[in-house]
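> here is the input, now give the coordinates:
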Amino acid sequence: MTSIAAHVILGSKPEPFLAPLLTSLEGVVDTVIINDNSPEPSPHTHTLNASAFSQHGTLTIDRTPFTDFATARNICLKIHREQNAAEWIAFVDADEVHGETVKTIAKNIAKVPVGIDFVDGYTWHFFQSPDLYTSIERRMMFFRALPDVRWEGRVHEQLRGFSGKRLPLPYVYGHYGHVLSSRRHAEKGRLYSSLGQSGDVVAEDRLDVIDPSEYFRSVWPRLLRFHGTHPIAVQSLLERFRIELGEQFAMSEQLAREYQPWHRRQRNAIEALNYEIRWRSRVFGALANRLVCG
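Below you'll find the predicted structure:
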């Protein structure tokens, strides 16, 4: 069976979706390599130690301080090569959670022929509520651990060193980072700006007084209603958040309605259908179908 290692980058902020992510990777990857660049004491220690990968001795944690995203990911690549960890690498972020189908994909990844270096899926980008999302976007899931692979770019880093093709699959999973508070969103924007990304940022002394109605003014009109099922690994956490963040979720529902007159709702319904068709149509590819269905 073809081996797979997951690479994960963790920063200084707590990652509430880290435990569901790791759970969703059980039975998918053989080992997990972590670059935890948070200062001591790490907010992730308990979650990492409680994971099945830690219990089975298949978790490696690096504590190199953060300089930029490419450097952090290249540290994982360096460890991967030193350990000769796996033939494929799972590209995951700490706020993503996979569904059960990914286990079948991982089991069948040996069927990917030479000349295809990437296996892609799609992600729901949930926003300020687990019942609302902005889009379904194509997303790299797995890539070959080739000798010349490297990451470049301080922010929104890109992989280099490939010549093979990409294979998109009819599979969609969840990205939950923007379900969290507007402050969390603004703090990420400040970090990205410090690494060279252009755009407006919220001043540090304004982080506690953000008005979501204004801050996300451009987003409320385009939010789409989620009618699917969340991955099993994240369901209990989302139920907890429906209590703890219930006020935020209710406000998001209200703002989405206020910013979406009937003609905008019609446009959004068409957009949602287009997103669905885009990822579901991949089932017509014979190779993609074999990976997803076995």
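> quick one: the strands in the stretch 101-250 of the chain, in order.
Counting by DSSP state E, counting those that start in this stretch, the stretch 101-250 of the chain forms strands over residues 116-126, 132-144, 150-152, 158-160, 165-175, 224-225, given from the N-terminal end onward.
> show me what the shortest one is packed against.
The one in question is strand 224-225. Counting contacts by 3 or more CB pairs under 8 Å, 6 or more residues apart in numbering; DSSP states H and E, the secondary-structure elements packed against strand 224-225 are strand 132-144, helix 262-280. Placement of C-beta: from N, CA and C, glycine included.
> format these as CSV; extra columns: mean pLDDT.
Formatted as CSV, the entries for the helices and strands packed on strand 224-225 read as follows, by pLDDT from 0 to 100:
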stretch, mean pLDDT
strand 132-144, 98
helix 262-280, 97
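> out of these, flag the one nearest residue 6.
Ranking these by distance to residue 6, with CB to CB as the measure, places strand 132-144 first at 9.6 Å.
> and the angle from that closest one to strand 116-126?
Put simply, strand 132-144 runs at 160 degrees to strand 116-126, going by axes from the mean of the first three to the mean of the last three CA atoms, to 10 degrees.
> and strand 132-144, how far from the chain's centre?
Distance of strand 132-144 from its chain centroid, counting by CA atoms, centre = their mean, to the nearest Å, is 7 Å.
> likewise stretch 130-145?
When C-alpha coordinates are averaged (CA atoms, centre = their mean), stretch 130-145 and its chain have centres 6 Å apart.
> mind putting the helices and strands packed on strand 224-225 into JSON lines with mean neighbour count and distance to residue 217?
Formatted as JSON lines, the helices and strands packed on strand 224-225 follow (neighbours: other CB atoms under 10 Å; distance: least, CB to CB, whole Å):
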{"stretch": "strand 132-144", "mean neighbour count": "20", "distance to residue 217": "14"}
{"stretch": "helix 262-280", "mean neighbour count": "13", "distance to residue 217": "14"}
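> may I see these organised as TSV, with distance to residue 256 added?
Rendered in TSV, the data for the helices and strands packed on strand 224-225 read as follows (distance: least, CB to CB, whole Å):
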stretch	distance to residue 256
strand 132-144	6
helix 262-280	10
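> and residue 186, which of the ones you listed is closest to it?
Distances from residue 186 to each of the helices and strands packed on strand 224-225 were compared by CB to CB, and the smallest falls on strand 132-144, at 16.9 Å.
> pairing partners for the closest one, with directions?
Partners of strand 132-144 in the sheet, by DSSP bridges, are strand 88-91 (antiparallel), strand 116-126 (antiparallel), strand 224-225 (antiparallel).
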